[in-house]
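# Next comes the sequence, and after it the predicted model I'd like to discuss.
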Amino acid sequence: MTIHQSKGLEFPVCFICGTGKKFNESDLRANVVIERSLGIALKLSDTTGLARYNTPIREALIKRLAESQLEEEMRVLYVAMTRARERLYVTALCKDPQKLIDTAERNAENISRYTIMKNGGYMSWILTALAHHSLTDDMPAPVTIETVTQAVTAEDLKQNESEASKAVSCKVDAELVSLVRGRFDFKYPTTAASKLPAKLSVSKLTPTILDEGTAELETEYEPYSFEAKRPLFLEENAAPTATGAERGTATHLFMQFCDFSRFTSPSDDLAEIIEDEAARLANGKFITGRAASLINVRGIARFFSGETFGQISASPKVWREHRFNVKLPASFFTADVTLADELKNESILVQGVIDCFYENPDGTLTVIDYKTDYIPPELDHSEAETMLLERHKLQLAYYKAACEKISNKRVSRVAIYSFALGYAIDVI
């Protein structure tokens, strides 16, 4: 089991092995290094093109990346060392164990960020911490340090076993054999829980996501590809090739940040007000100029002049773009009856964003989810509604469960507002 897989679990006895090696810094030796806040730096070629030399900027990036890497390794080590309830064994293979111990003691005497952030590996950190503890605390640490100067190989064990069997004829203890077999054949009773992801996004959830194996759950990132083009945030106006997804995103951003109070009074110039509001948001850097030029003015005007917005305006409490992290029963996400029974006491942290929900006169809540899906012209309204419901009703069901949990109120209505159709479709 890897350290990452053990997160959240505990065991009576744990072994952390291989702590003597230094951390992998191969990425820091690449010709091109990238750091999120500082940018990109690379080695420069000399005039012959046969050699490369470093730059101060690249050195600064490497230092920042190295510190970030070591800080992450510290967090990983903390996870590893807090899994054992009763006893923890930490092993390390190194050329000179005593030299490693002496170095740790010297570092402990002159403890500083530099001595800690040196890449010495997990065992170096552990020994330094123990040495520092002995210098600053009268209570001895409940730790035993043993060094083995001669490793025992598998061949040595076989030879010793063979010699022992020849020299001594021992009687087999059936009770002891049964005990050992029981320990080694032990199966963790909640294996299914150890494979649960720590967090899932609502957009990735399906009723059978836990039946699809862990490989799909762990694949969170798309393969990286680079294409040289002008960044969208530098574009002030809509390009002729703007995609439907870009236009939908722009409309969502407008609905997220726009001032609803500007649309509560009836007006024949809704389109003009919407364009003026989009310009205000662009000037205030809430959205880009490009996004302001891509919004669906006609669809947004129909929303503000329709029944749905009237209900929102009349509500005493309205929540917009409400982000949530809630725990939902893990059994919700499997169709396997046996697995559901194993996970009956487990939960998964689910994150998402609800576009809008508001309080009804009777105290219940209504959830509204904005959708900018393209509706094929050959579909009539009934067929379009069916398409949207089949596509999004599952996501809205999770929104309903999350909304009820975070508000402690009953959700009496869940609806999709389609900007393409111009009205809301009841889901629940």
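Perfect, I can see it now. Everything numeric here is computed off the predicted structure, so don't read it as measured data. Numbering: from 1, shown residues only.

# switch to C-alpha atoms for all contacts and neighbour counts from now on
Noted.

# The protein - how does it break down into domains?
11-136, 154-184, 232-426 (automatic domain parsing).

# Residue 389: helix or strand, and which one exactly?
helix 381-407 (DSSP states H and E).

# who touches the helix or strand just after that helix?
Once helix 381-407 ends, the next helix or strand along the chain (criterion: DSSP H and E) is strand 411-418. For strand 411-418, contacts defined as CA atoms under 8 Å, 6 or more residues apart in numbering pick out 364-373, 396, 400, 403-404, 423-428.

# list the buried ones in the strand or helix carrying residue 116?
Following DSSP H and E, the helix or strand that holds residue 116 is helix 113-117. Using 16 or more other CA atoms under 10 Å as the test for burial, helix 113-117 gives 115-117.

# Same list (the domains of the chain) but as a markdown table, adding distance to residue 147 and mean pLDDT.
A markdown table is the format used below for these (distance: least, CA to CA, whole Å; pLDDT from 0 to 100):
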| stretch | distance to residue 147 | mean pLDDT |
| --- | --- | --- |
| domain 11-136 | 7 | 87 |
| domain 154-184 | 19 | 73 |
| domain 232-426 | 42 | 86 |
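
# Out of those domains, which is closest to residue 193?
domain 232-426 (6.6 Å; CA to CA).

# how far does the closest one sit from the chain's center?
23 Å (CA atoms, centre = their mean, to the nearest Å).

# Likewise for stretch 71-88?
For stretch 71-88, the distance to the chain centre is 20 Å (CA atoms, centre = their mean).

# Settle this for me: residue 14 is touching residue 91, isn't it.
No. Assessed by CA atoms under 8 Å, residue 14 is found out of contact with residue 91, at 11.1 Å.

# returning to that earlier point: so which elements touch the helix holding residue 389?
Using 3 or more CA pairs under 8 Å, 6 or more residues apart in numbering; DSSP states H and E, the elements in contact with helix 381-407 are strand 318-329, strand 365-371, strand 411-418.

# most tightly surrounded among those strands?
Neighbour counts (mean count of other CA atoms under 10 Å) averaged over each of those peak at strand 365-371, with a mean of 22.

# which helices and strands does it pack with?
strand 347-359, helix 381-407, strand 411-418.

# would you list those in a markdown table and tack on distance to residue 195?
Shown next, in a markdown table, are the helices and strands packed on strand 365-371 (distance: least, CA to CA, whole Å):
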| stretch | distance to residue 195 |
| --- | --- |
| strand 347-359 | 11 |
| helix 381-407 | 22 |
| strand 411-418 | 32 |
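
# and residue 301, which of those is closest to it?
Short answer: strand 411-418, nearest of the helices and strands packed on strand 365-371 by CA to CA, at 12.6 Å.

# Name the strands paired with that closest one and say parallel or antiparallel.
Strand pairing for strand 411-418, determined by DSSP bridges: strand 365-371 (parallel), strand 423-426 (antiparallel).

# any idea of the angle it forms with strand 347-359?
80 degrees (axes from the mean of the first three to the mean of the last three CA atoms, to 10 degrees).

# Restrict strand 411-418 to CA atoms and write it as CSV.
Output of strand 411-418 as CSV, limited to C-alpha atoms (Å, rounded to 0.1, in the frame of the first residue of the first chain):
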residue,chain,number,x,y,z
VAL,A,411,-36.3,21.1,-1.6
SER,A,412,-39.7,21.0,-3.1
ARG,A,413,-38.8,21.8,-6.6
VAL,A,414,-35.7,21.4,-8.9
ALA,A,415,-35.7,22.8,-12.3
ILE,A,416,-33.5,23.3,-15.4
TYR,A,417,-33.6,26.8,-16.9
SER,A,418,-32.8,26.4,-20.6
